[in-house]
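A.B. asks: Here's my sequence, what's the structure:
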Amino acid sequence: MRSDKIKKGLERMPNRALLYGTGLGPSHINRPFIGIASSFTDLIPGHINMRTLERYIERGVENAGGTPFIFGVPGICDGIAMGHSGMRYSLPSRELIADVIESVAGAHALDGLVLLTNCDKITPGMIMGALRINIPTIVVTAGPMLSGHFGKKRLSLVRDTFEAVGRFKAGRIIEEEREILEKEACPCAGACQGLYTANTMACLTESLGLSLPFCATAPAVLNKKIRIAYDSGQQIVELVKKDVSPRDIVNKKSLENAIRVDMALGGSTNTVLHLMAIADEAAACLTLKDFDRISKDTPHITNLRPGGESFMEDLDNAGGIPAVLKRLFPKLNDNISVSGKRIRQIAQNAIIYDYEEIRALHRPYHKKGGIAILYGNLSEDGCVVKQSAVDSDMLRFQGRACIFNSEEEVMRAILGGKVKKGMVVVIRYEGPCGGPGMREMLSPTSAIVGLGLHKQVALITDGRFSGGTRGPCVGHISPEASKGGLIAYLKDGDQILIDIPKRRITVKLSKEEIEKRKRNIKILPLKIKSGYLYRYSKMVTSASTGAVFKNAE
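C.D. replies: Next up is the predicted model:
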């Protein structure tokens, strides 16, 4: 066992003494040491149920003959961090979390890991760390939140709070309704109810083969989730015995399966960043072109929020990710999983309980996948749009640029009535380096929808979007403004064309005009000059490569 290096031999007498100091008995010392990396926190609704899940994972580990050790991992709630400077820490926290997993597991010579996670950057960060240390690992995502209710109307966080800000500002809802929405949109523990980043990453983690079947969609508050936690605790001991490590599971084949599921579901654009970062740690070659290639060949077969009307609980009732895999069976690569079953075996044995919730490939909601990658003079290295959440009339849009250098500036303009029909709102200096941290732009995109402008206005940014964004919103513009991308040299009134079917994004400027502007317009200096965010801005790569840290020279 890997842990033998800290517990075997005369020279490890002090190490054993410290382990006994934690309350272990002699029998525990001889078992596999299993780390339970828990991102429990009272700050995040998606994580407040983790104390219970920790107990059941521990029980499973003990029952299977392992010795469990819980250790903490930081977590940030994107929804709470949204709309202010705190969001700068969200994406950078992914790299911190990966470092925590590597550091704790490596320092204590753990034999295996159970990653207890749920939200946004925490899941990919944990997986990145596990791939780096490459010891047997299983992921337990804590589950989605149930829908809220206002009478018979079902509620979700994004549509009924973020977008409600714009509706209230436009006078479309009254104060009494606004107050009810605020209190009832998030009724219990769990990740926000739609196919936003947290739930998308949970689905892709299961599709990769790193979670047990149904883990991604089982609601946080159901006993089904507790049983999955217990079973995961048992299964990690089996993985240690067989020495099945993350790099045995995460490879180009399984990553392509995850992308295909992402496209079929219509998942968050953030998955592009996270899957590329995971691929980087797994030494698997993955590019933006892989996403677009698979998107063109994968129908969008569910109707989940934010683009549709269904909730994660509906997907679970319809058969969960195994049922989605069954629909995609002809297109799936085969690969092993932590369950001991192969992916195609899981797909073959799955049951589809709702043929409308998870449609057949020949009658999809959209003929192509949820995400599209655009290129052009405005984004030579590529950018990302969630095409499944764009109205058909807005798939091709040309408008005049309206320029802002921060999210705060654009929010004042939107709520002040300065954003008008026919505009392409440009938010720049919000990229991985320039932000720093590549803030999500859910507040401005939701305000545009709430005001009813999403069929008349587009938005582009070198920042990124929440999985809750809908409408013609293009993110990850690369190169970003701080790195000299053309977005830095745009002016109010420039004509911008977004053509999603043709995968193009361009600004109508001559080469001579572009060169003139580059000579006369200076790139703005970095916004942060100290601390972790400064170090992050100096080390992070482009969004087109996953916004990962550069390797040391």
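
A.B. asks: so where's this protein shaky on pLDDT?
C.D. replies: 551-553 (pLDDT under 70).

A.B. asks: burial count for the closest residue to residue 214 other than its chain neighbours?
C.D. replies: Counting by CB to CB, 6 or more residues apart in numbering, the nearest residue to residue 214 once its immediate chain neighbours are dropped is residue 320, at 4.7 Å. For the C-beta atoms, the positions are set from N, CA and C on the backbone; glycine is no exception. Neighbour count of residue 320, defined by other CB atoms under 10 Å: 24.

A.B. asks: Same question for residue 393.
C.D. replies: Residues lying near residue 393 (other CB under 10 Å) number 10.

A.B. asks: That one touches residue 455, doesn't it?
C.D. replies: Yes: if you go by CB atoms under 8 Å, residue 393 and residue 455 touch, sitting 6.3 Å apart.

A.B. asks: What does the residue nearest the centre of the chain show for phi and psi?
C.D. replies: Residue closest to the mean C-alpha point of the chain, counted by CA atoms, centre = their mean, is residue 197 at 3.6 Å. Main-chain dihedrals, residue 197, degrees, to the nearest 10: phi -60, psi -40.

A.B. asks: Repeat that for residue 499.
C.D. replies: For residue 499, the backbone dihedrals are phi -120, psi 90 (criterion: degrees, to the nearest 10).

A.B. asks: Could you measure from the residue nearest to the centre of the chain over to residue 494?
C.D. replies: Residue 197 sits 31 Å away from residue 494, going by CB to CB, to the nearest Å.

A.B. asks: Now stretch 536-550: buried residues?
C.D. replies: 536-537, 539-549 (16 or more other CB atoms under 10 Å).

A.B. asks: no no, stretch 349-360
C.D. replies: Buried residues in stretch 349-360 (16+ other CB under 10 Å): 350, 352, 357, 358, 359.

A.B. asks: and the fourth one, helix, strand or coil?
C.D. replies: For residue 358, the reduced secondary structure class is coil; criterion used: DSSP: H, G, I helix; E, B strand; the rest coil.

A.B. asks: Now do it against residue 262, distance only.
C.D. replies: For residue 358, the distance to residue 262 equals 15 Å [CB to CB].

A.B. asks: now do residue 171
C.D. replies: Separation of residue 171 from residue 262 (CB to CB): 38 Å.

A.B. asks: higher neighbour count, these two?
C.D. replies: Counted by other CB under 10 Å, residue 171 and residue 262 do not tie: residue 262 has more neighbours, with 28 against 7.

A.B. asks: just checking, the more buried one touches residue 371?
C.D. replies: Yes: counting by CB under 8 Å, residue 262 does reach residue 371; the two are 6.9 Å apart.

A.B. asks: Identify the contacts common to these two.
C.D. replies: residue 271 (CB atoms under 8 Å, 6 or more residues apart in numbering).

A.B. asks: tell me the contacts of the nearest residue to residue 158 once chain neighbours are set aside?
C.D. replies: Spatially, and ignoring its direct neighbours in sequence, residue 158 is nearest to residue 468 (3.4 Å; CB to CB, 6+ apart). Neighbouring residues of residue 468 by CB under 8 Å, 6+ apart: 157, 158, 159, 162, 192, 194, 196, 305, 306, 442, 446.
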